[in-house]
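**Q** Got a predicted model here, sequence first, then my questions.
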Amino acid sequence: MPRSLESLSPADGEQVAAKNLVAALTAGRIVYEDGAEQVFDTEGVTTYVERGHPTRGEWYVDSHGRFASFWPPSYRASYDLRWLVEDGSIVGLRFTHTEDGSEFSGRYA
């Protein structure tokens, strides 16, 4: 479990509260099921790396308390985040697209 999340003890699948979104996203590098990786910084910049090719975007907490991202020139999306918890430890995040319900998961590296 990332050190910055040690004070939290959510259940697996529990929604990440808006007040914990920044901590959840910036706790460390996230590795997705397909091998892509992403890092979120506290300034609202994110770098997504797929097959060695980095792409920079922006992220923020939207007016509904959800994680939202912007990828230039015009792609915007928002997601509900849920904790991935194994044996009482937070190991990652599950992202659910708020418009189409598609899901993907990432684990802290």
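**A** In hand now; what should we look at?
**Q** how about the helices in this protein?
**A** Assigned by DSSP state H, the helices in the chain fall at 21-26.
**Q** got the contact list for the residue nearest the centre of it?
**A** Residue closest to the average C-alpha location in the chain (Cα atoms, centre = their mean): residue 25, at 4.7 Å. Going by Cβ atoms under 8 Å, 6 or more residues apart in numbering, residue 25 touches 40, 59, 67, 81, 93. Heads up, the C-betas are built off the backbone N, CA and C, glycines and all.
**Q** Name the residues of stretch 31-39 that come out as buried.
**A** By neighbour count, with 16 or more other Cβ atoms under 10 Å as the criterion, the buried positions of stretch 31-39 are 31, 32, 36, 38, 39.
**Q** do stretch 44-51 as well
**A** So, applying 16+ other Cβ under 10 Å, buried residues of stretch 44-51: 46, 48.
**Q** and of the buried residues of stretch 31-39, the nearest to residue 101?
**A** residue 32 (17.7 Å; Cβ to Cβ).
**Q** Test my guess that the closest one contacts residue 109.
**A** No: using Cβ atoms under 8 Å, residue 32 is not in contact with residue 109, being 10.5 Å away.
**Q** Out of the buried residues of stretch 31-39, which is nearest to residue 86?
**A** Once Cβ to Cβ is applied, the member of these that ends up nearest residue 86 is residue 31, at 14.8 Å.
**Q** which residues does the closest one contact?
**A** 37, 106, 107, 108, 109.
**Q** gap between the last one and residue 101?
**A** The reference is to residue 109. Noted for residue 109: a distance of 27 Å to residue 101, by Cβ to Cβ, to the nearest Å.
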